[in-house]
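A.B. asks: Compute the structure for the input listed below.
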Amino acid sequence: MTKTIKLALVAAMAMGATSAFATNGDNLIGLGAKSRAMGGTGIAHFNGAETATSNPALITKSKGTNFAFGGTYFSPAVEIETNTNGVAAATGAGATYESDAKHNVIPYVALTENLGNGFAVGVSMFGSAGMGVDYRSTGGGTANGAEVFGMRSNLLLLKFSIPVAYGQDNWSVGIAPVLMYGSLDMSLNFPTANPPAMTFKDVGNGSSSSFGTGLELGAAYTLPDLGLTIGATYHSAIKMEYKDQISSISQEFSYPVGQFSDKLDQPAEYGLGIDWTEGDLSLTMDWKNIRWENARGYQDFGWRNQDVYALGAEYRMDDLSLRAGFNYAENPIEETPASDGGRLNLLNMGMFPAVTQRHYTIGAGYQFTKHVAVDLAATYGVSGDITSDTGANAGIVKVTNDQMAFSANLNYSF
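C.D. replies: All right, here's what the predicted structure looks like:
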């Protein structure tokens, strides 16, 4: 077991990761290739070693030692349309800017081992969440690009967890202590004088990092006569703080010192899932509630709690498995009136465009040998049509965040 844990850690650290992604808020819809191919499900559906990152209780279904190593290539297409004249951006009278943060690699490593007598343990290290934009090349520092101020944001979150589970007969429970590493970098090019004699200053303090700890709980119960498994999960909030980031940027938008802190917690999350398996066919559905309203930092930004609904299907044919799914997430960003929240709308839309609502997913897996298998997934995310009034800052702002991602896992069991 010690050797396999070392292997998992080395594999994760060997892969780099950038952020600039945002799906269910700033959380990925799923982590491993199997889960992502099936709409991000996994609370009740067993996905081999991937289960270590979806429901710790399900790792008791593992046989022997299972190792999954891979990652996701993530490519968001974020655009923001603004109009300083106050004319609706949808009329086409404004200017459109495209973020340059388009290429991201997100690592994933998970390992589980069945110890016998109902006990199982695991270890995982993975990129779990993040978001960001880069408008530095869109005219920030000139009158033509002043609407988005050359904004750049880059939030990266990595998790390390050690799930432990126990099960008997048809039930199992699991717990996973979690260590999170986060990095946040926010900057902009802000005007210090009005047209025509516009001048600009660079605002930003480089990246700041933070560590936090949390706990994940899981439970599962199987009704074998019906082919049903019911799962439940809880993720505790994780306190994070990034020095001189949000507080510094918010002051440039005329917010008083102290109104915005540098705290940006990862929110608590509740989840329920159900899986039906009959022969070679599995159908599964998950529901999650992400508690943005109770997370420090996101409270300041006015984010609301988010319900996420995920559907997945898998059909197995000898060594080949075909998978598909769908994921829908409510928009957590709530528009505030321009009279008192226009600046907040611009910060949300400009730097944290978590507006992707629908994901369509497909994938496949192939068992090459008794010990080696490969899983692939492709996901396409579509944002809602989100338009906000930002008052005097940039008039009407419309933002879209469509995404394409490809995932691959190499699985080894012994």
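
A.B. asks: Sketch out the strands for the stretch 251-400 of the chain, chain order is fine.
C.D. replies: In the stretch 251-400 of the chain, the strands defined using DSSP state E, counting those that start in this stretch lie at 269-278, 281-290, 306-317, 320-329, 356-367, 372-383, 386-389, 396-413.

A.B. asks: Any stretches of this structure with poor pLDDT?
C.D. replies: Within the chain, the stretches with pLDDT under 70 are 1-22, 83-94, 139-147, 193-198, 254-258, 335-343, 385, 388-395.

A.B. asks: rerun at 50
C.D. replies: Applying pLDDT under 50 to the chain picks out residues 1, 4-19, 85-92, 339.

A.B. asks: quick one on the thing from earlier: include distance to Ala232 and mean neighbour count when you put the strands of the stretch 251-400 of the chain into CSV, please.
C.D. replies: In short, each C-beta sits where N, CA and C put it, glycine included. Formatted as CSV, the strands of the stretch 251-400 of the chain follow (distance: least, Cβ to Cβ, whole Å; neighbours: other Cβ atoms under 10 Å):
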stretch, distance to Ala232, mean neighbour count
strand 269-278, 5, 18
strand 281-290, 10, 21
strand 306-317, 15, 19
strand 320-329, 19, 20
strand 356-367, 23, 20
strand 372-383, 25, 20
strand 386-389, 32, 20
strand 396-413, 25, 21
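
A.B. asks: Turn those into CSV, including distance to Asp26.
C.D. replies: Putting the strands of the stretch 251-400 of the chain into CSV (distance: least, Cβ to Cβ, whole Å) gives the following:
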stretch, distance to Asp26
strand 269-278, 12
strand 281-290, 10
strand 306-317, 11
strand 320-329, 11
strand 356-367, 10
strand 372-383, 13
strand 386-389, 16
strand 396-413, 11
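
A.B. asks: Which one, of those strands, ends up nearest to Leu111?
C.D. replies: Taking Cβ to Cβ, strand 396-413 is the member of those nearest to Leu111, at 9.5 Å.

A.B. asks: Now do the closest one against strand 372-383, angle only.
C.D. replies: Here the directions of strand 396-413 and strand 372-383 differ by 170 degrees (axes from the mean of the first three to the mean of the last three Cα atoms, to 10 degrees).

A.B. asks: pull the CA atoms of strand 396-413 into CSV?
C.D. replies: C-alpha atoms of strand 396-413 as CSV (Å, rounded to 0.1, in the frame of the first residue of the first chain):
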residue,chain,number,x,y,z
ILE,A,396,-24.7,46.9,-20.0
VAL,A,397,-22.5,43.8,-19.8
LYS,A,398,-23.3,40.4,-21.4
VAL,A,399,-21.1,37.4,-20.7
THR,A,400,-20.9,33.9,-22.1
ASN,A,401,-18.7,31.0,-21.0
ASP,A,402,-19.0,28.0,-23.4
GLN,A,403,-16.5,25.2,-22.8
MET,A,404,-15.0,22.1,-24.4
ALA,A,405,-13.1,19.5,-22.5
PHE,A,406,-11.4,16.1,-23.1
SER,A,407,-10.5,13.7,-20.3
ALA,A,408,-8.4,10.5,-20.3
ASN,A,409,-7.7,8.0,-17.5
LEU,A,410,-5.3,5.0,-17.5
ASN,A,411,-6.5,2.4,-15.0
TYR,A,412,-4.4,-0.4,-13.5
SER,A,413,-5.7,-3.0,-11.2
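
A.B. asks: can you pull the contacts of Val59?
C.D. replies: Quick fix: residue 59 reads Ile, not Val. Counting by Cβ atoms under 8 Å, 6 or more residues apart in numbering, Ile59 makes contact with 51-52, 112, 114, 120-122, 163, 165, 174.

A.B. asks: quick one: it and Ser248, what's the gap?
C.D. replies: Per Cβ to Cβ, to the nearest Å, Ile59 is found 42 Å from Ser248.

A.B. asks: Check Asn117 too.
C.D. replies: As judged by Cβ to Cβ, Asn117 and Ser248 stand 54 Å apart.

A.B. asks: Among these two, which residue is more densely surrounded?
C.D. replies: Ranked by neighbour count (other Cβ atoms under 10 Å), Asn117 and Ser248 place Ser248 first, with 17 against 7.

A.B. asks: quick check, the more buried one in a helix?
C.D. replies: Yes. Counting by DSSP: H, G, I helix; E, B strand; the rest coil, Ser248 is located in a helix.

A.B. asks: My read is that it contacts Gly206, right?
C.D. replies: No. With contact defined as Cβ atoms under 8 Å, Ser248 does not reach Gly206; the gap is 10.8 Å.

A.B. asks: The longest strand anywhere in the chain: partners in the sheet, and parallel or antiparallel?
C.D. replies: In the chain, assigned by DSSP state E, the strand with the most residues is strand 171-191. In the sheet, strand 171-191 lines up against strand 152-161 (antiparallel), strand 164-168 (antiparallel), strand 200-204 (antiparallel), strand 208-223 (antiparallel) (DSSP bridges).

A.B. asks: Whatever helix or strand comes next after the longest one: which residues count as buried?
C.D. replies: Sequence-wise, the next helix or strand downstream of strand 208-223 (DSSP states H and E) is strand 228-235. Judged by neighbour count (16 or more other Cβ atoms under 10 Å), strand 228-235 contains these buried residues: 229-233, 235.

A.B. asks: picking up where we left off before, so can I have CSV of the contacts of Ile59 showing neighbour count?
C.D. replies: As requested, the contacts of Ile59 are exported to CSV (neighbours: other Cβ atoms under 10 Å):
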residue, neighbour count
Thr51, 35
Ala52, 34
Thr112, 30
Asn114, 19
Ala120, 26
Val121, 21
Gly122, 29
Pro163, 26
Ala165, 30
Gly174, 26
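
A.B. asks: picking that back up, would you mind telling me which of the strands of the stretch 251-400 of the chain is nearest Val133?
C.D. replies: Closest among these, using Cβ to Cβ: strand 396-413, at 9.0 Å.

A.B. asks: Who does the residue nearest to Leu179 when sequence neighbours are not counted form a beta bridge with?
C.D. replies: Nearest non-adjacent residue to Leu179, counting by Cβ to Cβ, 6 or more residues apart in numbering: Phe160, 4.6 Å away. Beta bridges link Phe160 to Met125, Leu179, judged by DSSP bridges.

A.B. asks: ok, now Val78?
C.D. replies: Bridge pairing for Val78 - DSSP bridges - gives Asn401.

A.B. asks: what sits against the closest residue in space to Glu98 that isn't next to it in sequence?
C.D. replies: Leaving aside its chain neighbours, Glu98 sits nearest to Glu79 (5.2 Å; criterion: Cβ to Cβ, 6+ apart). Contacts for Glu79 (Cβ under 8 Å, 6+ apart) come out as 96-99, 399-400.
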